[in-house]
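> Take this sequence and fold it.
(one chain, ligands or ions: 2)
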Amino acid sequence: MPNLKNILLLVIIGGLGLYFALTTPPPATVPAAAPAPVPAVQALPAAAMVAEPQTAMVPPAAEPVAPNYVPRKLKVFEGHWQGLDGRLMTRELSRKLGFPVGLQGVLLGEVTLNGANSGFLAGDVIIRVEDMPITTVEEFQEASRMVQNRTEAKLTVIRKDETRNGSYRTMSMMLRAEGGLGFVQVEGAPMIQAGDPRPHSYRGPCTDCHPVGKGFELTPDPDLINLPPPAITRDTADKAISPHENRGPCEACHLIR
Ligand code: HEC
Ligand code: HEC
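Residues are numbered from 1 along each chain as shown. Ligands and ions are numbered 1, 2, ... in the order given. Sure thing, here's the model as predicted:
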């Protein structure tokens with residue numbers, strides 16, 4: 001005979017059945033409603049595919065780049081005159097090169113042409129042009145303008161005595177140029193990029209001396225560009241005919257034909 005428990009179970013099962021019957025949509029309505037939503041659902045991924053490459057085509061470097069910054073007033077460091085390549089003698093340089101601290105003038109880093117023929121040497125420090133004292137590259141240029149139409153001028157230099165440590169000579173020499181001396185051409189510090197590390201000791205705000213940006217200097221330095229080794233013949237290789245010093249087996253670098 002049916003007890004209370006069984007009746008309750010029946011009621012619950014019945015109720016659940018009724019619940020599902022009410023909540024589950026009649027199967028017939030699904031296909032009927034389907035045609036409309038389906039194209040919409042398919043269109044979604046298609047739209048996403050189109051949108052993505054478009055965003056990818058926008059270059060990530062959209063961040064604006066600061067234009068070249070060239071300060072109005074830049075310190076000058078180098079002066080070139082008749083083969084004399086001079087640069088400002090600073091405390092830093094005199095300390096590094098072992099010149100008396102406080103020595104002012106223009107240090108010759110390289111000497112060629114008329115400068116070399118006139119007897120100047122790299123390492124000389126120009127302290128006077130005629131009787132005009134030279135403590136900066138600007139003064140060097142100024143003094144050179146006073147003699148630019150002459151064919152010779154007296155320059156006074158401090159020269160290290162290499163045989164005796166800490167000993168210097170003051171010498172006067174004539175700089176000669178047959179076609180006229182002309183005047184000193186000046187140069188500033190090279191352009192640097194905004195993130196460049198400082199390879200020298202602290203000298204003050206970067207923009208006292210450097211333009212900042214890109215494009216005023218050829219990189220790499222053309223002197224450092226090497227051409228690829230040309231192909232050489234088997235005969236040249238066998239006879240080891242080479243315009244350069246021995247660099248090793250020819251086939252390490254040359255295509256041999
Ligand atoms: C008082 C002038 C002066 C200041 C200030 C100065 N520099 Fe220089 N810098 C020079 C000179 C001159 C050179 C050329 C090499 C040398 O003499 O050491 C140079 C060379 C460089 C170079 C090598 C560039 C090359 O192409 O060879 C870099 C990089 C550089 N400096 C970065 C800096 C940075 C960064 C600052 C600021 C924190 C700075 N400098 C401040 C004068 C200066
Ligand atoms: C480590 C690399 C290297 C090796 C090894 C080498 N060469 Fe060269 N060679 C060069 C380069 C680079 C040049 C281009 C000019 C230069 O840089 O001197 C060159 C230039 C030459 C040239 C001038 C060709 C031209 O048309 O201007 C000849 C010839 C030559 N090499 C012969 C030789 C011979 C022969 C050997 C072997 C005995 C040899 N080289 C080994 C790198 C090399």
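
> all helices for this structure, in order.
Along the chain, counting by DSSP state H, helices occupy 4-23, 29-33, 37-57, 91-97, 113-117, 137-146, 234-239.

> Return the member of the ones you listed having the minimum mean pLDDT.
Lowest mean pLDDT within the helices of the chain: helix 29-33, at a mean of 43.

> Can you find the helix or strand of this structure with the lowest average pLDDT?
helix 29-33 (a mean of 43; mean pLDDT, DSSP states H and E).

> So for the closest residue to ligand 2 within the stretch 101-250 of the chain, what's the nearest residue that isn't a sequence neighbour?
As assessed by Cβ to the nearest ligand atom, ligand 2 sits closest to C250 within the stretch 101-250 of the chain, at 2.9 Å. From N, CA and C alone the C-beta is placed, and that goes for glycine too. Computed as Cβ to Cβ, 6 or more residues apart in numbering, the closest residue to C250 that is not its neighbour in sequence is A237, at 4.2 Å.

> correct me, but the one you found touches E251?
Yes. Counting by Cβ atoms under 8 Å, A237 touches E251, with 7.1 Å between them.

> Between the two, which is the more surrounded one?
A237 (16 against 10; other Cβ atoms under 10 Å).

> Please name the residues that touch the more buried one.
C250, E251, H254, I256 (Cβ atoms under 8 Å, 6 or more residues apart in numbering).

> of those, buried ones?
With burial judged by 16 or more other Cβ atoms under 10 Å, the buried subset of these is C250, H254.

> would you turn the contacts of A237 into a markdown table with pLDDT and distance to ligand 1?
Formatted as a markdown table, those follow (pLDDT from 0 to 100; distance: Cβ to the nearest ligand atom, whole Å):
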| residue | pLDDT | distance to ligand 1 |
| --- | --- | --- |
| C250 | 96 | 35 |
| E251 | 95 | 37 |
| H254 | 95 | 33 |
| I256 | 95 | 38 |
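
> Now for Q104: which residues touch it?
M89, I127, I134, T135, T136.

> To what extent is V184 buried, counted in neighbours?
By other Cβ under 10 Å, the residues close to V184 number 25.

> I should have written M132 there, sorry.
15.

> now do A122
A122 has 14 nearby residues by other Cβ under 10 Å.

> if I look at it, how far off is ligand 1?
Distance, A122 to ligand 1, using Cβ to the nearest ligand atom, to the nearest Å: 15 Å.

> ok, how many other residues are close to T170?
What T170 shows, counting by other Cβ under 10 Å, is a neighbour count of 11.

> Could you report the distance from E78 to I241?
Separation of E78 from I241 (Cβ to Cβ, to the nearest Å): 42 Å.

> The two: which has the busier surroundings?
The residue with more neighbours, out of E78 and I241, is E78; 18 against 11, by other Cβ under 10 Å.

> Return the residues in contact with the more buried one.
D85, G86, R87, L88, V137, V186, E187, G188.

> Just the buried ones from those residues?
Using 16+ other Cβ under 10 Å, the buried ones in those are D85, G86, R87, L88, V137, V186, G188.

> got the contact list for the fifth one?
Applying Cβ under 8 Å, 6+ apart to V137 gives the contacts V76, F77, E78, G79, G86, R87, L88, V106, V184, V186.

> between the residues you listed, which is closest to ligand 2?
Nearest member of the contacts of V137 to ligand 2, counting by Cβ to the nearest ligand atom, is E78, at 28.8 Å.
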